[in-house]
Structures are given as structure tokens and as C-alpha cells.
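Trainee: Just the structure for this:
(chains A, B and C)
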Amino acid sequence: MTATAPPAASDNGILLEVRHLVQEFVLRDFGGAKGGVLQAVSDVSFDLRVGETLGIVGETGSGKSTLARSVIQAPPPKHGEVIFQGEELVGLHHKALKAARRNLQMVFQDPFSSLDPRWPVSRLVEEPLIAYGEGNLAQRRERVKTVLDLVGLDPKRYGIRRTRELSGGQCQRVAVARALALEPKLILCDEPVSSLDVLVQAQVLNLFEKLRAELGLSYLFIAHDLALVKQVSDRVAVMYLGKLCEIGPVREIYSEPLHPYTLALLSSIPDPDPQVGRRDTGKVIKGELPSPLDPPSGCRFRTRCPRAQDRCAAEVPEMRPMSNGRYVACHFPLAGNWQEAAEPASQHPAAQQATTGGIPQQGTIVDDIVNNQPA
Amino acid sequence: MSLPAANILTTASMAPAAEVAGPAGRRWARNLEIAIPATILVLLLFFCFIWPMVYPVPKPVGGSLTTVNLPLWSKGHIFGTDIVGNDVMSRILYGGRVSFEVAAGVQAIGLVAGGLIGLFAAYRGGWTDAVLMRILDIFIAFPSLVLVLAIADSLGPSETHVIWALSAFSIPAFARVSRAAALQLRDRPFIVAARLSGTRAWRIMFQHLVPNMLPQLLTFTMLGASLTIILEGALDFLGYGIPQPTASWGNMIASGESFISVYPRYVVVPSIFLLVTAISLNMLGDGLRARWDVR
Amino acid sequence: MAAPATAADPGGQQAVQLAPAPLLEISDLRVTFRARGAHIYAVQGISYTVEPGQTLAIIGESGSGKTVSAQAVMGLLPGSAHVSGSVKFKGEELVGRSQQDMRSHRGRSFAMVFQYPERSLNPTMRIGAQITEAVRTHVQLGKKEAHDRAVELLKMVRLPAPERRFYEYPHQLSGGMRQRVVIAIALACGPQVLFADEATTALDVTTQAQIMDLLLELQQQTGTALVMISHDLGLAATYAEDVMVMYAGKVVERAPTKELYAGVRMPYTQALLDAIPRIELEPHVLLPVIGGRPPDLASVPQGCPFAPRCPGVQDDCRADAPVLKQHEAGRWWACWHPLGTGARQ
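Mentor: Next comes the predicted model:
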């Protein structure tokens, strides 16, 4: 397993600044009457540096995809700032927005529906070049060839094909090629490999890594698969119900999560090692996802958090800086090695009296964690 | 795609779509669905438009009283002659020309004008959409035949005027279909992706949306054509369409109506042609839709 | 299958100890689709058994035939599919039976849970009605009794507030809750085998864990055999007793879970394991992955179907297709040069 060459030394300037981003959707009942307001993204702020990959992890309703769309202004967010390469994107329209967005591209989840099924591959990849008036016909064709080669598709063989003749992995490569056509600085990837098979997924992930190393790209990589996000990220942000739970360097998030939700996510991943066995997720998360239309007051995770206290309902936790570039929004963040905290039920002493199977009695192991909070 | 609970346990149709298309047998049938009506239509078009140019077909007008009321299968007049001595067969052929021309004209105008209106309304959304649709609603709200009659009456009887009158009906219909199709596509990821690539609106509309809307629009054109032919016949029958002595299937039925008990063939023969054409167009439209949906 | 030699009885001399008769015996199952004149050999002769109460994971990528084979067992394939071979449920042959006969089995003998719960539930019908409909398919029950049974089932799948949910519509429930309802429906008539076809793939990872825990718990309570069909090796490792790996319509490896992950034999399985992103790995490490794509199922390849992509391929692999054989106790593989042993079997 070889490591890739580290990205070229950059000035580590900030490429993207997102401040207090809020995105809302108005839900319409039958007949167009205003139903409710869904706040899909709630006061999210983060930075992304040049050459960095920021992974955004979350489950259904977390708002991660909406966040990406808001960054790229499709549609623009309700409130907040998005500063890309020093330029504020919110409030720009038409030509100005188009110019500002030139170095910002996006790759979508479903490769088949994100490419026009009637256009041949070469035309799809050429489209951004035409839109921005880059070069003449010959130069554009050259660029298309270069970019297709970069993603591992032979331009002669694949240039004339249409998406229905391609596999999922190949289509996604075309989407990536198109994103690369204008030499962007930042690529937003919205679950780009989720719909691909295991082996193809690995191939495409390797492609992302390769491009990152060769071209010095930055990524905002959105996924729900934690292991996958770890694979490609330098820093990771965890979202829940529209809010950021924590953000920090990748290794630390995974080895020492500070937010109980991160812990719950990590504990839920089935490990491809039967020795590990089933982890007891009942200890770290309970209940169902609340409706995004009516999120819990205070900390949104409190209804499922085993450590919730009164303060969690009363006060919205702010993002607080911890050591080492880590931020967490929690009144009672975790500490210590999570692997100990989330032992399998069978090994935990209290579980010996618990029922067999996975789901413990409430009040036995949960109490244990609650009583172990840090000072 | 969801089915009642019992179907989880009971029916084969619950299975997620198999990786392949339907059985070979059905595909063969589908080819026939398209091939048969297409062949019929091609034959009809050939006979109406090309045949009289190469074969000396008797004139459809100016018959003499010596050849009045000849029965079917007469020598030289395969469908007989009408009460003023015109050869029925050639009136059928020339009348067919009118029917097809009207159908083609009305559908073309509807497709282009209505299609553009619908596309524009769907893409722009908001006020543009609301205003355009309300205007169209006014047209649709009128009983179609009344509207068409009113226009035909005020313009006067002629083939071109019939086309205009019937367009008042086809334009809103196409606009609706086109708008629905465009709306379906507008928020698809590939359109969003095209916008994010910086592509201009008009290019998106005409190079992305329109090609992907074509199957639906062309199917609707076929189905609309059959309706138009019948409407044109109705207009003629009511006296607002093509004036005599020019033949059209509708006005042949109209003028033959008074003799229906004595010479039913004056009504039956053009009716059969009208029927066959309308059914063929319908079948073709259905067949094309089935073919394109599967893909 | 003869009883294997045991430690206490090396020669197998004792009277054959009868293992409980397998619930499902699938033997040389083949499924071929005819489309546009061509044939698609979706399943090319697979054989396996499912014992009562067992948890088996069938792992494969798209096109491996895993879903199609399960649908063939349940008789859910369309008429264009040609199914041959033998599928015996408790000794009763199922291949070639009429839809009517299969209907009497579905729900009572075996049931299936699919990937998208919103597609399995009728959006215009209340949850309770859908369950009672399922319950009454096989059992004659009065309205009140069916209602009670339905609520009991909802409690069994741990749906919060079951009495209230009985009257709700599917769209009022979250994805995880919907899947619980689907499971309740599937188990309504007490099937002995439950197929879960990517049942948790569309769910969040936290919900997935809850649903899988639920399934295992129910399995222990009711003694149902669980066949999990998935592409997720992690899921198999955590929840299954036995794992069967399929590739290009064939079974390529089968083993008890712990043994499989301790020592993989089939290079394809190893490739799958290598390609999964793991939490333990360092970031920015390139995943070892083989190139290429699974073979086109329009023809049956001559040699091993994996030969074009196999890192350890040799000439004989391309010439002869390896046969699935039990090489070690409880371990089956189809490979001429399996990993870990080196020798041609």
C-alpha cells in the first residue's frame, strides 16, 4: 500500500471561507399553501485551505448535500457568507457569479443522471470550455483529450460514447473530467462514489487521490461513509440535522472523537473483521432522527444522546475551539479513546446481566457513560 | 412503484426491475406496433401525394352528368362516382392530401409555437410561467370545437384558415405537454450540472432540454395529428371547413350525408379512410411512446 | 452430504449423525434471461443450503447474480427468465411451480425484504392495513384479531408507539421505521427463511446498525433463517455466520465468517477486502484495487470468469473453469490457485 506524494507546498492560504451559512426550504402543502420551513443548513462556518481535502460526513437530513449546493450558489443560501478565493459569492448573479465560479466545480452522486444522456462524452467534457469561451475549437479538443487521459479514459475509444454505453465508474470519470476541464482550484464532490460498486469505488477514489497529488486540487468531499471519508480527507467535519458537530484533523477525529454523535457514527460502522463483532450501538445512540421541520431545542442531538443534560435542551452549543485545530459544538464533549468507550456488549461487565442479543436494557450501560463525563 | 403489502408476498411484479429488457417476444410485437401503422401511413401518403403525379388519375372535379352515381368497382372508377359525376377515388386521394396537409400544418405550428411557449414557461418559472399559463388556460377553457368554429367562421372557409383555426387548439395543448416535459427535466442533475458549468440559458434550453423532450413531443404530435384529422373532418361536416368543390374527407361525408340511405358509399368510403388514418396515427404514437419509455 | 469426519470419530464409522434437514437446498440453479435475441446468463449453476436458524450472507457486486438467484428461489422473476436446476424447500421442489403454488409459500415459508422500504409500501394505504392484509393472506383471522396481531408485530420490530403507528401512512415514518414495518410484514406469517436483499443499504449507518441488530434478535426469537444479500463485506463480517461470495453468476467461495476473514482463498474475495476503505488505514493511501470490470453475462466464459482480472492468473485458469468444491471442512472455493495454499486443487 503505497502513499501518494504529498501535495506541493502551498502558501496555505484560505481557499474557501464559509461563515454562518443558513439554507432554508419552504415546504408547500397541496395547492401551494406555505407548509413549514425546513432549515437544512443552520449556521455553518468553516475554512478550507489550498491543497486541502475537507471531508463532510453526515447522515440523512444532516444537510451536507444542501451545504455543497449552497456553497456553489445553486440555489444561493438564505443567509451567510461564502468567500471563494477572496471573493464573496453570495449576492452575485449571472455574469459575475459565472466568473467567480470558474475555479469551483462540482461532481454529483449519480453519474448517469448528472450527464446529459444524449450527448457524447467529448461534448460533455467540452461544455464548460465552450461556456467560458476558452480557446478555439482545436484548443478545446486538445484540452478534452488531455483531461480524458487524466481520468483514465482513452479519448479515441470513449469520446464518442454516450452514458448508456458506459458503466457507473466510467460515467463518474467523465463527470470528473468535465469538472477538471477549466483547471479548477476546488472541486465539490457530493457523494461521488456512493452509487458505485466496491471495486469501482476504490478505483475512482484512487483517481481522486491521484488528481489531488498531480494537480494540487482541493476537495470538499461529502459522504455518509466514514471510512471512505477518512481515506481521502485531511480534515473532517461531522454534521447532524443541519449543524456542525465537530471539525478537526482527520486522524484525531477518528481516534478521539469529541462529539457524542461522532462516536455513535464510528460505533455503527460494521467492521470487516469478525473478531470485532457487533458493537453495542444502543449505548451511544438511541431513538430516531427527529423531524428536520421541528428540530429539538438547544443541541439538536440531545434527543438521541446518552449524555444529554438539561443544559443541552436550554442552550445551543457553540463551536468551541479545542486543542490542535479541533472544534466541537457540545456542552459535554467526550474525552479518551472511543474504542474503549464503545466496547461490545459482551465484554462490558454490566452487560453480563443484560439480555442476549444486541440491545441492552436502558439504564445499565447508558448510566455508565453518563457518569463518566469529564469535569 | 409501490404495491399493496400483500404483493410483497404474492406477486412476481414486486421484484425490482430485472437487469434486462422485456422478453424477446414482446419486443417483436412492439416492432409490429410501429411497423404496421407506419406502413399504412406511408402507403396512404404515397397514394395521396405521389400517385396522382405519375398515374393519370381522373380529375376530382368537373365530372360530367354522364358518369353520375356509378357504383363501386365500375370500370375506370374503382370507388364509383358521386352525384355530380366526380370520381370518388380521386376525390379520396386529393381529399387525403388536404387532410394530411392540415394535420401536418396544425401539428407543426403547435409543436413549434406551443413547444416554445411551454419550454420557456417551464425554464423561466415564476411570473413568466404564471402569466403564460393563465393565457393558455383561457384558450383551453373554451370548448375546443366552439373556439375553432368561431375562428373558422370569422376567417372564412379555406384550407389555410382551417389550419389557423385548429392551431388555436393545438398550440395550448403542445404548450402544456412541453411545459410538463421541461419541468420534469429542469431539475435533473444534468441540467443543474450544465448550469454550474456556466452554460447559457438558451443553450441549455435548446441543446439539453429540447433533445431530451423530443420523444414525448413527437409522440404527442402523432396522437394530436389523428385528433386534428378528425376535427378537420368535423369542421367540414359542419360547413366551416374546406369549401366545395375541393374535396376533403370531411366534406365528402358532409355532402354524402343526405344520400346515406340510398348511396351509403358516399359516406362510408371517406369514413373508412378517416378511420384508418386516425387509428394508424394513434397506434404509431402509442408504439413510439412504448418504445421510447422502455429505453 | 455425508457427515464429515469428526474429531471423536475420525473414520466416520458411526452411524451418520443426521444434521437437521436443510430448509433450502439449492442445486445447480441457473437463470437465463432472453432479451433482444441475446441471452443473459445471470446465474450459472449455483448450489448452497440454508439450515434452520442460520445466518448466511451472500456477497457480490452488481451483476454477480446474487439478487437474481434469491428472486429465483422465491419465484419472483418475470416470465422472460428461464430458471433451471433445483430449489427444494423442505424437500419440496419449487422450480417450475405455478405462481399460485409459489404464492402459498411466499410469506409462510419464506419472505423477502428489499432495499427501498418506500417502494415496498403502498403510500396510499395505512401501515396497519398493510400489515393486516399480509397477516390475513395466509391465516384466517377476524378483523380484531388481525389488528391485535399487527400491533404485536409492530411491537416486535420495536416501532415506537405501535398503536398510533397502526393508523399512520408510510410517508409519516422515517426510513428506518419504514424498514421496520416492511420487516414486520415479511415476518407476519412466520416464514422460516427471510431474505434481506440490500435491506439496509439505503439506510443511514446508525439506522443500519439498529435494523441489523433487530433482525438478529428477531431471528433468535423466531428461529428464522436469515439470508443477507449485500455488497458490504463489513456487514457480513459483523452479522453473518457464513459467507458466500458470488461473481459473474457463480459462487466462488463459501466459508464460516471467521475462517473466511482469517484466510481468504479466492483472489476475488481478497480483492474485495483490499478495496474497502478501512478506518484503521492512514488517509491518502491508495487502495489496492484491480482494474477491469466483471465479465459480460451474455456468454459463459471458457475459463475462470475472474481470470482477466486476477492478479495471480495462470494459463490453466483461462482454459478450465474451476468448480466449486469443498476443499476443507465447511470451506468451499472455486479456484485453481487459491491464496494461502498455493497448490492446484
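Trainee: Got the phi and psi for B:Val148?
Mentor: When read as degrees, to the nearest 10, the backbone of B:Val148 gives phi -60, psi -40.
Trainee: what's the longest helix in chain A?
Mentor: Longest helix of chain A, by residue count under DSSP state H: helix A:198-215.
Trainee: just how off-centre is the helix or strand just after it within its chain?
Mentor: Using DSSP states H and E, the helix or strand that follows helix A:198-215 in sequence is strand A:218-223. Per C-alpha atoms, centre = their mean, to the nearest Å, the displacement of strand A:218-223 from the mean C-alpha position of its chain is 6 Å.
Trainee: who are the neighbours of strand A:218-223, in terms of helices and strands?
Mentor: Strand A:218-223 makes packing contacts with strand A:14-28, strand A:34-49, strand A:53-57, helix A:64-71, strand A:186-190, helix A:198-215, helix A:226-232 when contacts are defined by 3 or more C-beta pairs under 8 Å, 6 or more residues apart in numbering or on different chains; DSSP states H and E. Just so you know, the C-beta spots here come from the backbone N, C-alpha and C atoms, and that holds for glycine as well.
Trainee: and the residue nearest to A:Gly287 when sequence neighbours are not counted, how many residues sit next to it?
Mentor: Nearest non-adjacent residue to A:Gly287, counting by C-beta to C-beta, 6 or more residues apart in numbering or on different chains: A:Arg304, 4.7 Å away. Neighbourhood size, A:Arg304 [other C-beta atoms under 10 Å in any protein chain shown]: 20.
Trainee: I am assuming A:Arg304 contacts A:Ile285, so please confirm or correct that.
Mentor: Yes: assessed by C-beta atoms under 8 Å, A:Arg304 is found in contact with A:Ile285 at 5.2 Å.
Trainee: Can you list the buried residues in the helix ranked longest in chain C?
Mentor: Looking across chain C with DSSP H, the single longest helix is helix C:205-222. Buried residues in helix C:205-222, defined by neighbour count with 16 or more other C-beta atoms under 10 Å in any protein chain shown: C:205-219.
Trainee: same question, stretch A:77-88
Mentor: Buried, per 16+ other C-beta under 10 Å, within stretch A:77-88: A:77-78, A:80, A:82-85.
Trainee: Show me the two of those residues that sit farthest apart.
Mentor: A:Lys78 and A:Gln85 (22.9 Å; C-beta to C-beta).
Trainee: Going by secondary structure, C:Val300 is in what exactly?
Mentor: C:Val300 belongs to no helix or strand, assigned by DSSP H and E.
Trainee: Remind me which helix or strand the nearest residue to it once chain neighbours are set aside belongs to.
Mentor: Excluding its sequence neighbours, the residue lying closest to C:Val300 (C-beta to C-beta, 6+ apart) is C:Tyr41, at 5.5 Å. Using DSSP H and E, C:Tyr41 sits in strand C:38-50.
Trainee: and after that strand, which helix or strand comes next?
Mentor: Following strand C:38-50 in sequence, per DSSP H and E, is strand C:55-59.
Trainee: secondary structure class for C:Cys304?
Mentor: Using DSSP: H, G, I helix; E, B strand; the rest coil, the secondary structure recorded for C:Cys304 is coil.
Trainee: what is the rounded mean pLDDT of the helix or strand hosting B:Thr39?
Mentor: Taking DSSP H and E as the definition, one finds B:Thr39 inside helix B:24-45. The average pLDDT within helix B:24-45 is 79.
Trainee: Could you point out the helix or strand that follows it?
Mentor: Following helix B:24-45 toward the C-terminus (DSSP H and E): helix B:51-54.
Trainee: Run a quick neighbour tally on C:Gln179.
Mentor: 31.
Trainee: remind me which residues of the stretch 1-150 of chain A are low pLDDT?
Mentor: Where the stretch 1-150 of chain A drops to pLDDT under 70, the residues are A:1-12, A:29-33.
Trainee: before we move on, back to that, filter the buried residues of helix C:205-222 to keep only those in contact with chain A.
Mentor: When contact is defined as C-beta under 8 Å from any C-beta of the partner chain, these meet chain A at C:205-210, C:212-214, C:216-217.
Trainee: And the pLDDT for C:Ala3?
Mentor: 44.
Trainee: what do you get for B:Ala130?
Mentor: According to the model, B:Ala130 scores 91 on pLDDT.
Trainee: Can you pull out the residues in contact with the helix or strand harbouring it?
Mentor: For B:Ala130, the element it lies in under DSSP H and E is helix B:126-141. Residues outside helix B:126-141 that contact it (C-beta atoms under 8 Å, 6 or more residues apart in numbering or on different chains): B:117, B:120-122, B:147, B:168-169, B:171-173, B:175-176, B:179.
Trainee: C:Ser47: how many residues sit nearby?
Mentor: The burial count for C:Ser47: 15, using other C-beta under 10 Å.
Trainee: got the contact list for it?
Mentor: Counting by C-beta under 8 Å, 6+ apart, the residues that C:Ser47 touches are C:26-29, C:251, C:324.
Trainee: Among those residues, which one is most surrounded by other residues?
Mentor: Among these, C:Val251 has more neighbours than the rest - 28 neighbours, counting by other C-beta under 10 Å.
Trainee: my guess is that one meets C:Leu324, correct?
Mentor: Yes: if you go by C-beta under 8 Å, C:Val251 and C:Leu324 touch, sitting 5.4 Å apart.
Trainee: Give me the common contacts of the two.
Mentor: Joint contacts of C:Val251 and C:Leu324 (C-beta under 8 Å, 6+ apart) are C:47, C:332, C:334.
Trainee: Spell out which parts of chain B neighbour chain A.
Mentor: So far as C-beta under 8 Å from any C-beta goes, chain B lies against chain A at B:188-190, B:192-200, B:203, B:208, B:211-212.
Trainee: my read: C:Ile290 touches A:Val198, true?
Mentor: No: taking contacts as C-beta under 8 Å, C:Ile290 lies outside contact range of A:Val198: 11.2 Å.
Trainee: Show me which of those two is the more surrounded one.
Mentor: Between C:Ile290 and A:Val198, counting by other C-beta under 10 Å, A:Val198 is the more crowded of the two (24 against 19).
Trainee: Quick check: the residue of the stretch 101-250 of chain B nearest chain C.
Mentor: Residue nearest to chain C within the stretch 101-250 of chain B: B:Pro189 (18.2 Å; C-beta to the nearest C-beta).
Trainee: So that residue is in contact with A:Pro117, correct?
Mentor: No: in this structure, B:Pro189 is not within contact of A:Pro117 by C-beta under 8 Å, at 11.4 Å.
Trainee: Those two: which has the busier surroundings?
Mentor: B:Pro189 (19 against 14).
Trainee: contacting residues around the more buried one?
Mentor: With the criterion set at C-beta under 8 Å, 6+ apart, B:Pro189 makes contact with A:108-110, A:113-114.
Trainee: And the pLDDT for the residue lying closest to A:Val193 once chain neighbours are set aside?
Mentor: Closest residue to A:Val193 apart from its sequence neighbours, by C-beta to C-beta, 6+ apart: A:Gln201 at 4.4 Å. The predicted structure scores A:Gln201 at 91 on the pLDDT scale.
Trainee: same check, this time on B:Ala17
Mentor: pLDDT recorded at B:Ala17 is 33.
Trainee: residue boundaries of the helices in chain C?
Mentor: C:66-74, C:99-105, C:117-120, C:127-138, C:143-156, C:162-165, C:175-187, C:205-222, C:233-239, C:257-262, C:267-275, C:315-319.
Trainee: Next, the angle from the longest one to strand A:53-57.
Mentor: Meaning helix C:205-222. 40 degrees (axes from the mean of the first three to the mean of the last three C-alpha atoms, to 10 degrees).
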